[in-house]
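1. Quick one, fold the following:
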Amino acid sequence: MPDTETIAKALGNAKQVNGQWVCSCPVPGHGQGNGDKNPSLSITESDGKVLFHCHGGCDQRDVFDAVRARDLLPTTPKREEISFAQHQAPILEKEWLYRTEDGDTLFTKRRYKTSDSKGKTYSIHRVDAQGKRIAGLKDTRIVPYNLPELLDAKTAGRAIYLVEGEKAADALVSIGAIATTSHTGAGSWPDEITQYFAGANIVVIPDNDEPGRQYARRAIQNLLPVVKSIRYLDLDLMVEGDDAYEWVYHAKGTRKELAEMAKQAPVITKEMPVTDGEQSMQEAQPETEAFNPTPQLLNIEAWDTIKDEPVRWIIENVLPEKGFAALYGPPGSYKSFIALDLAEAVATGRTWMGNQVTNPGAVLYIAGEGHGGIGARIKACKINHQTQDGAEIYVIRYQLNLRSSADDFNLLMQSIDNLIERTGIELRLVQIDTLARAFGGGNENDSQDMGAFIHNAGRLQRKLNCALMVLHHSGKDATKGLRGHSSLLGAVDTQLELLKLEQTERKEGVAGQGIITISKQKDGQDNLKFGFEMVQININQGKESSLGLDDNVSLAVREQQEMIDEQYKTKPKPPPRSGAGGVQKVALDALHKAIGDHGEMRLIDGKRNKAVHVEQWSQAFEAAQTDKTGVKKRFTRCVQSLQNAKKVEVFDPFVWVIWSDDGQSGGDF
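-> Have a look, this model is predicted:
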């Protein structure tokens with residue numbers, strides 16, 4: 001190849017300036033087609049390569065092509081023959097969040113699509129207080145994937161599935177399992193995360209290749225000294241390199257099948273090697289000292305220093321801040337109307353059923369059903385309360401599976417994040433209408449299915465730091481409360497029961513009446529009752545209906561306390577204890593404790609009372625006795641004495657307290 005001097009002289013008007021050659025630019029279009037009269041092409045050499053720069057602005061490729069056309073450069077393959085796609089920058093495909101116990105993001109792992117033979121690459125970014133991604137971890141705290149869910153599962157004694165990679169973990173989460181992994185992949189096991197598995201029941205699922213099996217051995221070696229139990233589950237995948245993702249989405253594996261396979265998988269101990277078909281687990285594990293984790297310490301306080309935090313309410317005495325509430329009733333009991341009415345009060349600060357809204361804010365209403373009529377219900381609510389436009393109430397009209405679909409849960413969270421970013425709102429309440437529509441076809445009576453929904457509801461609350469309300473149906477026997485597994489009742493802080501009343505007389509403009517009862521209030525008073533009526537609202541005022549009168553009318557909620565019986569208006573007072581002996585006092589205290597722990601509102605013998613099983617009362621009485629001799633006989637005598645004194649009522653197998661209705665003080669409790 002000619003040197004720079006030869007090339008410059010061949011192009012004409014060559015001269016040396018500051019040690020480099022300058023000559024005429026050979027590009028035909030230079031100088032608007034008139035040629036380069038004043039030399040403007042500089043030529044330099046670097047690392048054996050000739051470099052050109054036209055100070056007149058000609059394209060670099062045009063310069064090379066013009067010089068090459070004069071046989072001053074060797075020919076090279078045309079660039080057009082090289083696919084531009086081969087040189088694309090990596091494309092971000094997925095980002096996984098590694099979070100603290102409270103759901104705050106510590107760091108992220110990103111997967112990029114690349115144009116090389118591997119097809120993908122990964123990067124790790126720490127997250128600062130403003131949410132900014134910064135490459136590298138530095139001194140960031142290292143945690144396992146899905147840490148909040150892992151800790152909840154450990155507390156509940158549920159199996160935790162350890163896999164290689166976030167994609168496989170997400171696949172298992174999508175079918176309702178609890179799954180985790182480390183950010184390092186198959187290459188290593190970070191010692192920092194071992195502590196979080198202490199006392200857990202772990203099922204290790206390897207990828208179907210040797211690196212996957214090595215990762216499983218390495219994880220078991222580190223976790224064996226600290227876990228409660230650990231099992232090794234081979235999914236018996238047919239294709240080399242497949243993992244839990246293929247098992248879920250290609251083999252159509254289910255959570256029930258996974259649980260059955262896990263039960264059959266061998267428990268690993270130091271004395272019990274497990275083979276994976278190639279070599280024993282014992283051979284793969286060198287002798288190591290037992291890992292001694294340093295768990296996070298609990299805050300242990302002297303009881304003299306303990307002070308209760310005052311309850312913070314969104315709606316005074318009704319809806320606690322950051323609480324989990326259930327609004328339920330039989331079909332046709334106006335649940336959706338009540339929910340929208342409550343949402344409007346929270347968003348606008350309007351008094352609701354005589355109770356102050358002390359902490360108003362934005363509301364998100366997830367409508368899984370009734371999409372066709374929700375517009376009319378909203379319009380009627382706005383007309384009824386004269387709500388101004390701009391109230392911070394937002395609606396999602398989409399049926400989401402919030403029980404077992406990681407995709408649906410992530411879609412919801414991303415959509416909410418986008419809403420908050422666009423509007424700057426602070427959500428105070430999220431409503432899910434209804435639980436059944438958000439249950440993804442699960443069995444409401446199954447403890448694991450209901451547990452998975454409750455778990456995801458908790459995740460949603462932790463992420464948004466707000467109250468959550470689910471709309472739900474009562475069972476076939478309305479006196480038994482919420483439909484489905486009892487774990488839902490145990491999980492909710494507040495339970496609002498709807499009872500639709502039969503109208504004894506017609507009132508103009510009123511379509512129905514009902515009572516809302518707070519049948520459970522964890523941090524407040526139970527059995528508060530609010531009367532309401534459903535009023536007809538002309539939603540197309542001044543317009544003719546094309547389809548008849550019904551097009552113009554919808555319903556809205558109006559407070560109507562007059563329908564509440566006098567016994568409901570009077571605050572319940574406990575009965576006087578005059579004449580009751582010491583043992584009877586202990587028995588009555590035990591009944592109150594049993595009702596506080598286990599009581600449910602029941603319709604018994606035509607009366608509604610918060611009742612417990614007699615056996616639950618008996619257990620509470622026995623627990624309060626220091627002398628266990630003859631305790632059963634003492635309890636039987638107490639029951640009879642308290643019944644005779646009309647302080648309790650027994651309707652086998654239930655018992656409840658008889659409250660005075662005279663408004664007088666009821667003694668010392």
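2. in stretch 383-394, what counts as buried?
-> 384, 385, 387, 391, 392, 393, 394 (16 or more other Cβ atoms under 10 Å). Every C-beta, even on glycine, is put in place using the N, C-alpha and C of the backbone.
3. Apart from its neighbours in sequence, what residue is nearest the last one?
-> Put plainly, it is residue 394. Excluding the flanking residues, the one nearest residue 394 by Cβ to Cβ, 6 or more residues apart in numbering is residue 364, at 5.1 Å.
4. quick one on the thing from earlier: out of the buried residues of stretch 383-394, the closest to residue 17 would be?
-> residue 394 (67.4 Å; Cβ to Cβ).
5. From the buried residues of stretch 383-394, which land in helices?
-> Of the positions in the buried residues of stretch 383-394, 384, 385 sit in helices, assigned by DSSP state H.
6. ok so, going back, what about the residue nearest to residue 394, is that helix, strand or coil?
-> Here residue 364 is recorded as strand under DSSP: H, G, I helix; E, B strand; the rest coil.
7. Repeat that for residue 8.
-> Under three-state DSSP, residue 8 comes out as helix.
8. Pull up the gap between it and residue 348, please.
-> 79 Å (Cβ to Cβ, to the nearest Å).
9. Name the residue in those two with the higher neighbour count.
-> Between residue 8 and residue 348, counted using other Cβ atoms under 10 Å, residue 8 has the larger neighbour count: 24 against 18.
10. Look up how far residue 21 lies from that one.
-> Per Cβ to Cβ, residue 8 is found 4 Å from residue 21.
11. anything in contact with each of these two?
-> Applying Cβ atoms under 8 Å, 6 or more residues apart in numbering, one finds that residue 8 and residue 21 are jointly contacted by 14, 43.
12. returning to that earlier point: the residue nearest to residue 394: how many residues sit nearby?
-> 25.
13. Who are the contact partners of it?
-> 394, 395, 396, 416, 419, 427, 429, 430, 431.
14. Test my guess that the third one contacts residue 402.
-> No - between residue 396 and residue 402 no contact is recorded; they are 11.5 Å apart, counting by Cβ atoms under 8 Å.
15. any shared contact partners between the two?
-> Contacts common to residue 396 and residue 402, judged by Cβ under 8 Å, 6+ apart, are residue 412.
16. who has more neighbours, the two?
-> For residue 396 versus residue 402, the count of surrounding residues by other Cβ under 10 Å is larger for residue 402: 24 against 17.
17. Skipping its backbone neighbours, what lies nearest that one in space?
-> The nearest residue in space to residue 402 (Cβ to Cβ, 6+ apart) is residue 438, at 4.4 Å.
18. Quick check, pLDDT for the residue nearest to residue 394.
-> We have a pLDDT of 97 for residue 364.
19. cool, and residue 559?
-> Confidence for residue 559, expressed as pLDDT, is 93.
20. cool, and the one 10 residues further on?
-> pLDDT, the model's per-residue confidence, is 48 for residue 569.
21. was I right about the residue nearest to residue 402 contacting residue 453?
-> Yes - counting by Cβ under 8 Å, residue 438 touches residue 453, with 7.5 Å between them.
22. top strand in the chain by residue count?
-> strand 510-521 (DSSP state E).
23. Just checking: what are the partner strands of that strand?
-> strand 494-501 (antiparallel), strand 529-538 (antiparallel) (DSSP bridges).
24. Which of residue 438 and residue 453 has more residues huddled nearby?
-> Set residue 438 next to residue 453 and count neighbours by other Cβ under 10 Å: residue 453 wins out with 28 against 25.
25. need the contact list for the more buried one.
-> Counted by Cβ under 8 Å, 6+ apart, residue 453 has contacts 402, 403, 435, 438, 439, 442.
26. Next: residue 634.
-> Applying Cβ under 8 Å, 6+ apart, we find residue 634 in contact with 583, 625.
27. so it sits in a helix?
-> Yes - under three-state DSSP, residue 634 sits within a helix.
28. How much space separates it from residue 586?
-> Counting by Cβ to Cβ, the gap from residue 634 to residue 586 is 9 Å.
29. Name the residues contacting each of those two.
-> Going by Cβ under 8 Å, 6+ apart, residues that sit against residue 634 and also against residue 586 are residue 625.
30. Just the ones in strands from the contacts of residue 364, please.
-> Using DSSP E, those in strands are 394, 395, 396, 427, 429, 430, 431.
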